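**Student:** Sequence first, predicted coordinates after that:
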Amino acid sequence: MQLVAVGSFALDTVTTPLDTRRDQLGGSVSYACAAASFFARSGMVAVAGTDLPEAGRQQFQALGIDLQGLHQAIGRTFRWSGVYEADMNTRRTLSTELNVFADFSARLPEAYRSAPFLFLANIAPPLQLQVLQQMRRPRLVAADTMDLWIQTDRETLQQLIARVDLLLINDAEARHLTGQASLESAARQVLAWGPRYVIIKKGEHGSLLLTRAGEMLLLPAFPVERVQDPTGAGDAFAGGLMGYLAASGKLTAAALRRAMLVGSVVASFVVEEFSLDRLVTLSRAELDARLQAFRKMLKC
């Protein structure tokens, strides 16, 4: 196993200006593993209920994702519903039902514990720490978080940040977490807490990388003409990035830059259709062609 990812598995009901889809595959770990699967053998750690669609399990298996760590508990799967406004940037949550996710205690299969790369997708910080403590000696640990944990469990979140190599966080969360108005200052504050790298996600405006060694990179997002469903784009960015790093085995600044390009391109495919639909049909040739076009666009 090259990469282990832990996070939420959900059935989402999503409304955009284009359509409404009910009970579609979602959750942070679903998008992250699907994106990573184009580059690395990844294992999923999550919990689903007895209502997990068999078609969903088959989709994951078709992508080559290992499901030993996907626990099935008695009850209903975590559900989320939300509405996107016309600009596709503003999202309003209608309902959240934790269901079996409320009692989730992550236990890693033995085969996962020696994986060299670990991605702690957006879940409660105590759960992220619980997984990290079960790993042996990962080469790179990356974590994502959200505003809720900054508000409700900042102490545990900061314990986690001190133990990871890479923190992924969006621009509003970075400002909230650090109290810094400038994104560069916010990133430097995070680096002072322990990570070697921080990536600040800026949605359609791209991402910002800062490293403890002093490197800085501002990368635009790949432009998408028609967005159908932005759900999971940030998780797909992280999954593509981590999958590329796990496959290359390199942890240089140059490798991180290439990984960010890959993450941006994978995320650009995700938003073209609802749920994981586009990733299920995506070929490696299509992905490579868009990556080449992005590099040409950026002249890198």
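**Tutor:** Right, received. Where do you want to start?

**Student:** residue boundaries of the helices in the stretch 51-200 of the chain?
**Tutor:** Taking DSSP state H, counting those that start in this stretch as the criterion, the stretch 51-200 of the chain carries its helices at 54-62, 125-134, 147-152, 154-161, 171-178, 183-192.

**Student:** is it possible to export those to a markdown table including distance to Ala115?
**Tutor:** Every residue, glycine included, has its C-beta placed from N, CA and C. Formatted as a markdown table, the helices of the stretch 51-200 of the chain follow (distance: least, C-beta to C-beta, whole Å):
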| stretch | distance to Ala115 |
| --- | --- |
| helix 54-62 | 17 |
| helix 125-134 | 11 |
| helix 147-152 | 24 |
| helix 154-161 | 18 |
| helix 171-178 | 27 |
| helix 183-192 | 24 |
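
**Student:** Out of the ones you listed, which is closest to Thr96?
**Tutor:** helix 147-152 (10.2 Å; C-beta to C-beta).

**Student:** by contact count, what packs against that closest one?
**Tutor:** Here helix 147-152 touches helix 154-161, helix 171-178, going by 3 or more C-beta pairs under 8 Å, 6 or more residues apart in numbering; DSSP states H and E.

**Student:** again, only using 7 Å
**Tutor:** helix 171-178 (3 or more C-beta pairs under 7 Å, 6 or more residues apart in numbering; DSSP states H and E).

**Student:** how about the CA coordinates for the helix it packs on, as CSV?
**Tutor:** What follows is helix 171-178, C-alpha atoms only, in CSV (Å, rounded to 0.1, in the frame of the first residue of the first chain):
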residue,chain,number,x,y,z
ASP,A,171,-7.9,30.8,2.7
ALA,A,172,-10.7,31.7,5.1
GLU,A,173,-9.7,28.9,7.5
ALA,A,174,-6.0,29.9,7.4
ARG,A,175,-7.0,33.5,8.5
HIS,A,176,-9.3,32.2,11.2
LEU,A,177,-6.8,29.7,12.5
THR,A,178,-3.8,32.1,12.7
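
**Student:** Output the helices of the stretch 51-200 of the chain as TSV; include the columns mean neighbour count and mean pLDDT.
**Tutor:** Shown next, in TSV, are those (neighbours: other C-beta atoms under 10 Å; pLDDT from 0 to 100):
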stretch	mean neighbour count	mean pLDDT
helix 54-62	14	92
helix 125-134	19	98
helix 147-152	14	94
helix 154-161	16	98
helix 171-178	19	96
helix 183-192	18	97
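
**Student:** In terms of pLDDT, where does Cys300 sit?
**Tutor:** According to the prediction, Cys300 has pLDDT 65.

**Student:** Hmm, I typed the wrong one, I wanted Pro138.
**Tutor:** 97.

**Student:** Spit out the contact partners of the nearest residue to it once chain neighbours are set aside.
**Tutor:** Once flanking residues are discounted, Pro138 sits nearest to Leu118: 4.6 Å by C-beta to C-beta, 6 or more residues apart in numbering. Applying C-beta atoms under 7 Å, 6 or more residues apart in numbering, we find Leu118 in contact with 4, 132, 135, 138, 141.
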